[in-house]
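Enquirer: I would like to see how this sequence folds:
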Amino acid sequence: MRRRTEILVLLICLVIVTTSFASTVTYDHRAIVIDGKRRVLISGSIHYPRSTPEMWPDLIQKSKDGGLDVIETYVFWNLHEPVRNQYNFEGRNDLVKFVKLVAEAGLYVHLRIGPYVCAEWNYGGFPLWLHFIPGIKFRTDNEPFKAEMQRFTAKIVEMMKQEKLYASQGGPIILSQIENEYGNIDSAYGAAAKPYIKWAAGMAISLDTGVPWVMCQQSDAPDPIINTCNGFYCDQFTPNSNKKPKMWTENWSGCHIPNARFLSFGGTVPYRPVEDLAFAVVRFFQRGGTFQNYYMYHGGTNFDRTTGGPFIATSYDYDAPIDEYGQVRQPKWGHLRDVHKAIKLCEEALIATDPKISSMGPNLEAAVYKTGSGGCSAFLANIDTKSDATVNFNDNSYHLPAWSVSILPDCKNVVLNTAKDHSRKFKLSLVLGTMNLTLQDRSSEPPLQLYKVQTMYFFPGLDFMGMGKGEAWINGQSIGRYWPAYIASNSGCTDSCDYRGPYSANKCRKNCGKPSQQLYHVPRSWLKPSGNILVLFEEMGGDPTQLAFATRKMGSLCSHVSDSHPLPMDMWGLDSKTRSASNPTLSLSCPFPNQVISSIKFASFGTPLGTCGSFSHGRCSSAKAHSIVQKVCVGSTSCSIDVSTKTLGDPCKGVKKSLAVEVSCA
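Expert: Next up, the predicted model:
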């Protein structure tokens, strides 16, 4: 009897422990509400099959360090059910493991089940066998399709429930998505579109996940489904009900428009300046948003033959804050981290009420949030694409660069302006080496050729210059398709991109006259210390002896901070007297372990010109800036310098000055 009592007590304790961590997730017109508290949530997309399980913990941790609260991912039906009723949730397809790793890091999950996902993924994520079901018509009011869609959606939901991964069970999943951007194409389905969307919404709700569901780009999403925005800018978006929060499920961190939206074979490489991305984020929160997601935060790689759409390349890097190889991309990652910190300083006011928006002049706007206890946060925006402005707000004067927003957590002091960042900038170069290949086998039937070669090297990337077009495998794993023979146009690129004004992928392009993708990611977990087998299926007769392994080396570390920059974010908690006596700071820190700053390539305080790697002296430059930077920084892993005339001298009185520094680490 005593033994049975002990077991009963243990079971009761387990139930109490399990339910005590369960969360209630709802929403109101201002925000997602978790355990009765409105939340400002910053999210980022990481697609689990576009990286490897060995990479996941580091990617998730870097996302958390960058200020994210939520990781968002699609679910890829064709990976998980390549043959009907035969499932694969292993390796890169291990969705449960990925979600659990996010939970272990203390972050939430937004699970976008779809099951149509687009995502520049083969067949939009649909398995090929779906096409051959008699009478089926995709994504419409069609019984065969709806039956299969419901079966797979229920399969994923039930799997998450069995592992207790929904927030209502104590897990990390706080949101789910059904369908995907259907509103962009629903007119093609005519009268059958609305019944289908109504059915999809009802089906999702019936699965009883205990968390809200969303539909992106679906202005007629039925209640209680939340309709959300996708795009480069979503500050003007409003949900279809005054009971739903303003949510942004895809803030395109890199490139996403027709004919130029992704890295494609034969195309130049699009990128999005961080100043514009930060502007878009802060404008969204300025105008009432409380949930935004970067698409992508880490783009990764289209391994195997998973790319969907014409000519889409193997790299899905997306100019994201974390690059294809899992390294932070500066200054994008660092500046956005500071943006997130600044927004979180305003969270109490942001969730308390709707903003009061007022004009401060043409293209100038103030938004003020106030709490019931007297707290106040403000956002001051200059949406002019050319001209800076000086504005008066609450009897204080503020300088606003064109196309920027300043954040004032206390309605007085600027903690951040989106056009000014303190982040380090890296210039990475590739170090190429010969592969020392041993040709083990070759078979051909012109123009197709199959090579099997062995290399003794351990490397993170392969340079395919010299090859034509084909697919490559390393130790049995497909690293994707290559096509370096397809050269991008010589026109359309610029040495620098003016971030001011609405972004489009044609606005900022690079890599003209070169292969769209020359370097291919080889995950380290796929490699052996030696004896790696590389198999090449070559369609155009390339020369495998020209292959080179590639490692990345930091060429330069730079920073450029003006004397009008806000103080570093970590100084915000100091008392007002200390803050008023402080100056903007330029900070440098070598990015890799066991490195120190070895030399100063450039240092100028005054009116320096150019960007990292091409700085030059302007009309005014302090004679002692270089020696001061050298004394403070050389031999150290990191250093900080006050950007002030007291520290660096005053080479041109009455002129706004800045400090630009470029160093080497070794």
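Enquirer: quick one: low-confidence parts of the chain?
Expert: 1-20, 256-261, 422-448, 453, 455-459, 552-554 (pLDDT under 70).
Enquirer: domain parsing of it, as residue ranges.
Expert: Domain ranges of the chain: 17-345, 354-418, 426-554, 555-666, per automatic domain parsing.
Enquirer: count of residues packed around Ala485?
Expert: A count of nearby residues for Ala485, using other C-beta atoms under 10 Å, gives 19. Where you see a C-beta, it was placed from the backbone N, CA and C, and this is true even at glycine.
Enquirer: now it. Nearest residue, chain neighbours left out?
Expert: Spatial nearest neighbour of Ala485, chain neighbours left out: Gly468 (4.4 Å); criterion: C-beta to C-beta, 6 or more residues apart in numbering.
Enquirer: tally of neighbours for the one you found?
Expert: Gly468 has 18 nearby residues by other C-beta under 10 Å.
Enquirer: separation between it and Gly36?
Expert: According to C-beta to C-beta, to the nearest Å, Gly468 stands 61 Å off from Gly36.
Enquirer: how about Asn532?
Expert: Counting by C-beta to C-beta - Asn532 and Gly36 are separated by 54 Å.
Enquirer: more crowded one of these two?
Expert: In this view Asn532 and Gly36 are compared by other C-beta under 10 Å, and Asn532 has more residues nearby, 20 against 8.
Enquirer: I figured the more buried one hits Ala472, correct?
Expert: No - with contact defined as C-beta atoms under 8 Å, Asn532 does not reach Ala472; the gap is 11.8 Å.
Enquirer: can you give me the helices in the stretch 551-666 of the chain?
Expert: 576-580, 625-633, 645-648 (DSSP state H, counting those that start in this stretch).
Enquirer: who touches the shortest one?
Expert: Going back to what we said before, that points to helix 645-648. Asp563, Asn583, Phe605, Ser622, Lys624, Ala625, Ile628, Ile641, Asp642, Lys657, Leu659 (C-beta atoms under 8 Å, 6 or more residues apart in numbering).
Enquirer: drop anything exposed from those residues.
Expert: Buried subset of these (neighbour count, 16 or more other C-beta atoms under 10 Å): Asp563, Phe605, Ser622, Ala625, Ile628, Ile641, Asp642, Lys657, Leu659.
Enquirer: quick check: the two most widely separated of those residues?
Expert: Spanning the widest gap among the buried ones among the contacts of helix 645-648 are Asp563 and Ile628, at 15.0 Å by C-beta to C-beta.
Enquirer: ends of stretch 60-78, how far apart?
Expert: End-to-end distance of stretch 60-78 (C-alpha to C-alpha, to the nearest Å): 24 Å.
Enquirer: and what of stretch 390-402?
Expert: Taking C-alpha to C-alpha as the criterion, the two ends of stretch 390-402 lie 10 Å apart.
Enquirer: also stretch 577-591?
Expert: Start-to-end, stretch 577-591 (C-alpha to C-alpha) is 33 Å.
Enquirer: what residues of that stretch count as buried?
Expert: Buried-residue list, stretch 577-591, by 16+ other C-beta under 10 Å: Pro584, Thr585, Leu586, Leu588, Cys590.
Enquirer: which pair in those spans the largest distance?
Expert: So, these by C-beta to C-beta: farthest apart are Pro584 and Cys590, at 21.5 Å.
Enquirer: that older thread, mind putting the contacts of helix 645-648 into CSV with distance to Lys412?
Expert: Compiled in CSV, the contacts of helix 645-648 are given as follows (distance: C-beta to C-beta, whole Å):
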residue, distance to Lys412
Asp563, 20
Asn583, 18
Phe605, 28
Ser622, 31
Lys624, 35
Ala625, 32
Ile628, 32
Ile641, 27
Asp642, 23
Lys657, 25
Leu659, 26
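Enquirer: closest to Pro544 out of these?
Expert: Leu659 (48.6 Å).
Enquirer: which residue ranges form the helices in the stretch 1-150 of the chain?
Expert: According to DSSP H, counting those that start in this stretch, the helices that the stretch 1-150 of the chain contains are 2-20, 56-65, 77-80, 95-104, 143-162.
Enquirer: other SSEs contacting the second one?
Expert: By that I understand helix 56-65. strand 41-46, helix 95-104, strand 291-298 (3 or more C-beta pairs under 8 Å, 6 or more residues apart in numbering; DSSP states H and E).
Enquirer: identify each buried residue in that helix, please.
Expert: Trp56, Leu59, Ile60, Lys62, Ser63, Lys64.
Enquirer: so the last one is in contact with Leu107, correct?
Expert: Yes - under the criterion of C-beta under 8 Å, Lys64 makes contact with Leu107 at 5.9 Å.
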